[in-house]
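Novice: quick one, what's the 3D model for this:
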Amino acid sequence: MTTSIIVGDTQRTTTPQWPVPEERRTVTVLFADIVGSTALVDRLDPEDVRALQRVYFDTVAGVLHRWQGVVEKYVGDAVMALFGARHSDGFDAYRAVRAGLEIQAALDRRSIVGDINLRVRVGVATGEVVVDLGGAVSGGHGVASGAVITTAARLQEYAPPGAVALCAATARATAGLITQRQLTPVPVAGRVPPMPVWHAVGPVRPGADQHDGPLIGRRRELAAIGDQLSWAIRERDPRWVSLVGPTGSGRSRLLHELTHGLTTVDGVPVRWCVATCQPYPDQVLAPVAELLRDVAGVRHGDGAAVVHDRLVAALTPLFPPTRVATAVPALQRLLSIPDGSAAALAGAAICREVLLRLAAHRPLIIAVDDVDRAGPAVSRFLHALFNAATARGLPLAILTLHQPQWTDTRPGPARRVTIGPLATVQSGRLLRYLLTRAGQPVALVDRLLPLVGGRPGHAAMYVASIMDGADLVALPLPEAVRRAVGAELDHLDGERRAVLMVAGILGGVISGATVDRALGWAPGRSAPALRGLVTAGLLLSHRIDGYAFAAPALRQVAADRLPRALRGLFARRAAEPPRLDTVQPDTVQPDAVLPDRAAVDPVGAVVSASTARSTDVVRLDAVRSQAGRLDGVFVALAPTPRSGPPRRRVPTPTTATPPAALTQGTNRPPGSSRLRAVASAGDVPPTPVAVVTQAAVVSTARANAGGHWPSDVDRSPVAIRAVPAVPGAAGPGARAGVGAPPGPVRAAPRPPSTRRPQNLAASA
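Specialist: Predicted coordinates for the structure are as follows:
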């Protein structure tokens, strides 16, 4: 049985970039092993064995690195690699299967030692593991732990030599991208029933998405893009329009509507050239080749003679005959092998000139879907095309579709159109249509509506999962939604990801103070991360200092990433109420006056006001509800015996006695302030801190009780510290007491200890 042990390394897991050192993640595991290695090693010289192993491991590691896999361990002649261990793009299973197929092809063509050719079995399985993020690098032994590792090892045992075996989850994740052949389920020790197995045959070009239903919503975005494209053609002033939205927002559907709706501008026919960037294309210039195929009408699978004739027919109206004769061979080379070689780049330059001359004869719109999947060579091609069209004043427009996190620099005149969530009414209409077409009960709309988050793609995935037999009671998150949302989460750095995961377990509307408390951070540390998540469209601002998730699926995926122990730790910290500071009664005398602009720390020492100024302020009623903790505050506020004439009683404020009247005729020292408890709960911005003496609290409590202590107040030696609500209210030389109010006073919580760790790894 194959097992993995998490290796603890505080140097790796306590870095500020990864406040959460471990995550529960869905990863794909590749397990490759040599067929008949024991017999092979027995008949070879040890030096030959070493040479064979070096070539074998170098070949496998090179393929895994190219497909962004992480080598977790070497077990004898076997290699185990992880895909999606630290970052996921939603295509982890696809990359793992492609890597397995490429490993087989590379070893089949290569003689390792002398005339020895190795045969390898490969198993690929997808499932949930706990990952050590700090160790998720090549050679990080013990990075992941989970049953899926054993599954991958078992699968390779049932794979024929030279084949790649897939589990059911991997087969579902690569459906439509990899040609598969299902085999008879195989028995596995300790598992009932037998495990289903698929064999991967090879990559397949995905077909175009079907958009046969009605367009619901999106009329405003459709009109905005249409106006921009029409203006560029009408004014012969090229424009670059970016259609931005997360996975499942309906970008491709809008492109479909545009290509079928915007066919003329002012009566002039418009030509569309559309390319879709596939995940991890074999060749970097494949999208450029797709544009050329669209122009010439060349289909995949056409023979060389057909390709030649169609290229000649497309170029003849645009170039002189001699230029056509030299351009066609270069374009044929681009269509056959669109790599980054010099020959392919020369063909791309000719393709760019073809598009420019085509635009000079007829208005042209170039659309590239999922451009964030393309490499830099495609971006350079589009930029050069746009700049040349601008210099010539051609009726040409470029429309690119991508996710919000794509950071490619677009030209200055580029327009950005962002797709937001559908309105609730529109989401309901879409769900009713999808459920009706699928033959499912329309009553499920009410349950699905809060789950889809206004994303049409998520609605379609939920309905598809119901058709595949999903539990109608639990309605689990579909695998396709989990993969897409997990990729959005992994575009974040470690700190913002930690904030999002904590917010996921808290649920509802969360505040920055609660997130800081849960993570053990200093107050305010999470504020920049929360603002960044709002900018990225993952969180929504909700009231003052409140945030809510933009998509329910994102909250669930973020919460599921946390291991159980961290979930419990964060929940306990978040539930802890802020603690009030206390001052020892023998530290501050009733009539003592502390130095100007000074404060008292939790153990009674005098500290500077700049230190105390960083303390958060908590409203009293937020603490009063915590099992009578406030009662202990007033216990020590017993009146101090005084000599001299008794004080005149101060009436309790009522609606008939305004608070201002209470200050008239009372014997209060000038410049003092009156303690006031704040009535409403919530977070209060930090304010400068001053000090209130025990006598001040005593005077205020007695004033509020009509000059007498309330009968239900226990008296213990405790005092509280107060904070003026108006910065600078307590001026130099002012005594804290009851008098003319320069500003109300609020109680302040205990500041975080300087010894408290500033990241989770140290405190967990």
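Novice: beyond the host helix or strand of Ala105, next helix or strand please.
Specialist: Counting by DSSP states H and E, the element that carries Ala105 is helix 92-108. Sequence order places strand 120-132 as the next helix or strand after helix 92-108, per DSSP H and E.
Novice: list the buried ones in that next one?
Specialist: Residues Val120, Arg121, Val122, Gly123, Val124, Ala125, Thr126, Gly127, Val129, Val130, Val131, Asp132 are the ones in strand 120-132 that count as buried (16 or more other C-beta atoms under 10 Å). (C-beta placed from N, C-alpha, C; glycine too.)
Novice: and the angle from that strand to helix 92-108?
Specialist: Put simply, strand 120-132 runs at 140 degrees to helix 92-108, going by axes from the mean of the first three to the mean of the last three C-alpha atoms, to 10 degrees.
Novice: please save the CA atoms from strand 120-132 in PDB.
Specialist: The C-alpha trace of strand 120-132 is given here as PDB (Å, rounded to 0.1, in the frame of the first residue of the first chain):
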ATOM      1  CA  VAL A 120       5.700   1.800 -18.900                       C
ATOM      2  CA  ARG A 121       2.300   1.600 -17.300                       C
ATOM      3  CA  VAL A 122       0.600   4.900 -16.300                       C
ATOM      4  CA  GLY A 123      -2.300   5.300 -13.900                       C
ATOM      5  CA  VAL A 124      -4.100   8.700 -13.400                       C
ATOM      6  CA  ALA A 125      -6.600   9.300 -10.600                       C
ATOM      7  CA  THR A 126      -8.400  12.400  -9.300                       C
ATOM      8  CA  GLY A 127      -9.500  13.000  -5.800                       C
ATOM      9  CA  GLU A 128      -9.200  15.000  -2.600                       C
ATOM     10  CA  VAL A 129      -6.000  15.200  -0.500                       C
ATOM     11  CA  VAL A 130      -4.400  17.300   2.200                       C
ATOM     12  CA  VAL A 131      -1.500  19.200   0.700                       C
ATOM     13  CA  ASP A 132       1.500  20.800   2.400                       C
END
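Novice: what mean pLDDT does stretch 63-83 have?
Specialist: Averaged over stretch 63-83, pLDDT sits at 90.
Novice: how long is it end to end?
Specialist: Start-to-end span of stretch 63-83 (C-alpha to C-alpha, to the nearest Å) is 13 Å.
Novice: buried residues in that stretch?
Specialist: Per 16+ other C-beta under 10 Å, stretch 63-83 contains these buried residues: 63-64, 67-73, 77-83.
Novice: could you do stretch 168-177 as well?
Specialist: Judged by neighbour count using 16+ other C-beta under 10 Å, the buried positions of stretch 168-177 are Ala169, Thr170, Ala171, Arg172, Ala173, Thr174, Leu177.
Novice: from those, which has minimum pLDDT?
Specialist: Lowest-confidence member of these: Leu177, scoring 91 (pLDDT).
Novice: for the nearest residue to that residue once chain neighbours are set aside, give me the pLDDT.
Specialist: Closest residue to Leu177 apart from its sequence neighbours, by C-beta to C-beta, 6 or more residues apart in numbering: Tyr94 at 5.2 Å. According to the prediction, Tyr94 has pLDDT 96.
Novice: what is the neighbour count of Tyr94?
Specialist: Neighbours of Tyr94 under the rule other C-beta atoms under 10 Å: 22.
Novice: and it, what does it touch?
Specialist: Ala173, Thr174, Leu177, Ile178, Pro279, Tyr280 (C-beta atoms under 8 Å, 6 or more residues apart in numbering).
Novice: want to throw the residues you listed into TSV with secondary structure and distance to Gly520?
Specialist: Shown next, in TSV, are those (DSSP: H, G, I helix; E, B strand; the rest coil; distance: C-beta to C-beta, whole Å):
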residue	secondary structure	distance to Gly520
Ala173	helix	36
Thr174	coil	41
Leu177	coil	42
Ile178	strand	44
Pro279	coil	39
Tyr280	coil	39
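Novice: so which bits of stretch 554-571 are buried?
Specialist: Residues of stretch 554-571 classed as buried: 554-563, 566-567, 569-570 (neighbour count, 16+ other C-beta under 10 Å).
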